[in-house]
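Undergrad: predicted structure and sequence below. I'll ask about it afterward.
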Amino acid sequence: MTLAQAGRDVTLWARDTGAVERMRATRQAERLPEIDLPARIDPVSDLAALFDCDTILLALPAQATRGFVTAHRDALSGKVLVACAKGIDLTSLTGQTAIIAHAVPSATPALLTGPSFAADIARALPTALTLACADEACGAALQAALSTPTLRLYRTADVIGAELGGALKNVIAIACGACIGAGLGDSARAALMTRGFAEMQRLAASLGARPDTLMGLSGFGDLVLTCSSELSRNYRYGLALGRGESFDSHTTVEGAATARAVTDLAAGRGLDLPISAVTARMVAGDLTPLQALDALINRPLKEERE
Ligand SMILES: NC(=O)C1=CN([C@@H]2O[C@H](COP(=O)(O)OP(=O)(O)OC[C@H]3O[C@@H](n4cnc5c(N)ncnc54)[C@H](OP(=O)(O)O)[C@@H]3O)[C@@H](O)[C@H]2O)C=CC1
Ligand SMILES: O=C(CO)COP(=O)(O)O
């Protein structure tokens, strides 16, 4: 939307042919109601039109990326593939760019991440994001190509740090939602955000991320947004857990699978990540929010820096 508003031509592929036909007819997308699609967006359901593009932004749910890039590895060969999903793949326990590099070694993987709700960007509200690419020349070219008058991109070569920030904050957002949903208060949420951020930094460091990346838009920035806004699906899912309510199982809640992946990664590295661990157990239905609180608050006392 923002690229087309800025005068660039965009091909928008989706697998649902009915949804594509409705987009072409109404010039609106069902996921972004009441916002008109600019004329420069061309909605298509034909994969050949997608594969005509040299640069492709992949905005599938994180657990679907591996299947998609593997199924289309030949057609994606040599492309610049920009992952937009925020999650750790449960099968490989890797981030989105590693999945792309594994499935399509000739492609250049990159990542677009940071604090942003799709509806805000589509409405041309000001937004700042992180563009991560290990290939610095390609990263600079993408930064220029994808920035618009309302979307300001910052660049980094620390892809691991950027993707871990975006993935891990979703787990903490579920915990924060559960905290508020269970009536535990804003002070408790601030504690969860802060100690959750410490867990994000600990895991990211052990996987080779640069500490300053976690302090940026893709880490701290997105954590703040997702743990405090009811526009976030991860936060709303947590709210439902906290209130003991059901939640629409068709809604994409990336932190649910990533909480499990984080538990596996932490176990393999001997890391203690208690908030992520109880969140994974809440998501699995093994722990109520009050049992999770009990497990966290009664842990042995320690220094804050540990
Ligand atoms: N929405 C937002 O504000 C933001 C989202 N993101 C991230 O973007 C990613 C996608 O989120 P979002 O777009 O909101 O999710 P949605 O659930 O709204 O949309 C996912 C889209 O992916 C399609 N899809 C799912 N599986 C496949 C598949 N195997 N092959 C092809 N298409 C598939 C769905 O198609 P169908 O309708 O046919 O199921 C749907 O069009 C997530 O990782 C999210 O964290 C990041 C920042 C902001
Ligand atoms: O990543 C997002 C905001 O930056 C979107 O958050 P949700 O997936 O929780 O809706």
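TA: Arrived safely, thanks for sending. Ligands and ions are numbered 1, 2, ... in the order given.

Undergrad: all helices of the stretch 201-306 of the chain, in order?
TA: When secondary structure is read from DSSP state H, counting those that start in this stretch, the stretch 201-306 of the chain shows helices at 211-214, 222-228, 233-243, 254-269, 274-283, 289-297.

Undergrad: check which helices and strands the shortest one is in contact with.
TA: Think helix 211-214. Packing contacts for helix 211-214, counted by 3 or more Cβ pairs under 8 Å, 6 or more residues apart in numbering; DSSP states H and E, involve helix 159-181, helix 186-206. Every residue, glycine included, has its C-beta placed from N, CA and C.

Undergrad: among the ones you listed, which comes closest to ligand 1?
TA: The stretch from the helices and strands packed on helix 211-214 with the least distance to ligand 1 (Cβ to the nearest ligand atom) is helix 159-181; that distance is 6.9 Å.

Undergrad: now that closest one: mean pLDDT?
TA: For helix 159-181, mean pLDDT is 98.

Undergrad: only alpha carbons, please: show that helix as CSV.
TA: Once non-C-alpha atoms are left out, helix 159-181 reads as follows in CSV (Å, rounded to 0.1, in the frame of the first residue of the first chain):
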residue,chain,number,x,y,z
VAL,A,159,19.8,-10.2,10.4
ILE,A,160,19.8,-12.6,13.4
GLY,A,161,19.3,-9.8,15.9
ALA,A,162,16.5,-8.2,13.9
GLU,A,163,14.6,-11.4,13.4
LEU,A,164,15.0,-12.6,17.0
GLY,A,165,13.6,-9.2,18.2
GLY,A,166,10.5,-9.5,16.1
ALA,A,167,9.9,-13.2,16.9
LEU,A,168,10.6,-13.1,20.7
LYS,A,169,8.6,-10.0,21.5
ASN,A,170,5.4,-11.9,20.4
VAL,A,171,6.0,-14.4,23.3
ILE,A,172,6.3,-11.6,25.8
ALA,A,173,3.2,-9.9,24.4
ILE,A,174,1.2,-13.0,25.1
ALA,A,175,2.5,-13.0,28.7
CYS,A,176,1.6,-9.3,29.0
GLY,A,177,-1.9,-9.8,27.6
ALA,A,178,-2.5,-12.7,30.0
CYS,A,179,-1.3,-10.5,32.9
ILE,A,180,-3.7,-7.7,32.1
GLY,A,181,-6.5,-10.2,31.2
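
Undergrad: hmm, that helix in reach of ligand 1?
TA: No: interface with ligand 1: helix 159-181 contributes nothing (Cβ under 6 Å from any ligand atom), its closest point being 6.9 Å away.

Undergrad: run the angle between that helix and helix 254-269 for me.
TA: In terms of direction (axes from the mean of the first three to the mean of the last three Cα atoms, to 10 degrees), helix 159-181 departs from helix 254-269 by 120 degrees.

Undergrad: what residues does the stretch 51-200 of the chain put near ligand 1?
TA: When proximity is defined as Cβ under 6 Å from any ligand atom, the stretch 51-200 of the chain approaches ligand 1 at 59-62, 64, 67-68, 84-87, 116-118.

Undergrad: farthest-apart pair in those residues, please.
TA: When Cβ to Cβ is used, the two most widely separated members of those are Gly67 and Phe117, lying 26.0 Å apart.

Undergrad: which one's more surrounded, those two?
TA: Set Gly67 next to Phe117 and count neighbours by other Cβ atoms under 10 Å: Phe117 wins out with 16 against 13.

Undergrad: Gly242 versus that one, what's the distance?
TA: Between Phe117 and Gly242 the computed distance is 21 Å (Cβ to Cβ, to the nearest Å).

Undergrad: same deal with Ala173?
TA: Ala173 is 12 Å from Gly242, where distance means Cβ to Cβ.

Undergrad: the helix or strand encompassing Thr97 versus helix 159-181: what angle between them?
TA: Element membership of Thr97 [criterion: DSSP states H and E] is helix 96-103. Using the same axes, to 10 degrees, one finds that helix 96-103 and helix 159-181 are set 130 degrees apart in direction.

Undergrad: does anything pack onto whichever helix or strand comes after helix 96-103? Which helices or strands?
TA: Heading C-terminal from helix 96-103, the first helix or strand you meet, by DSSP H and E, is strand 108-113. The criterion is 3+ Cβ pairs under 8 Å, 6+ apart, and the helices and strands that strand 108-113 contacts are strand 80-83, helix 96-103, strand 127-132, helix 136-146, helix 159-181.
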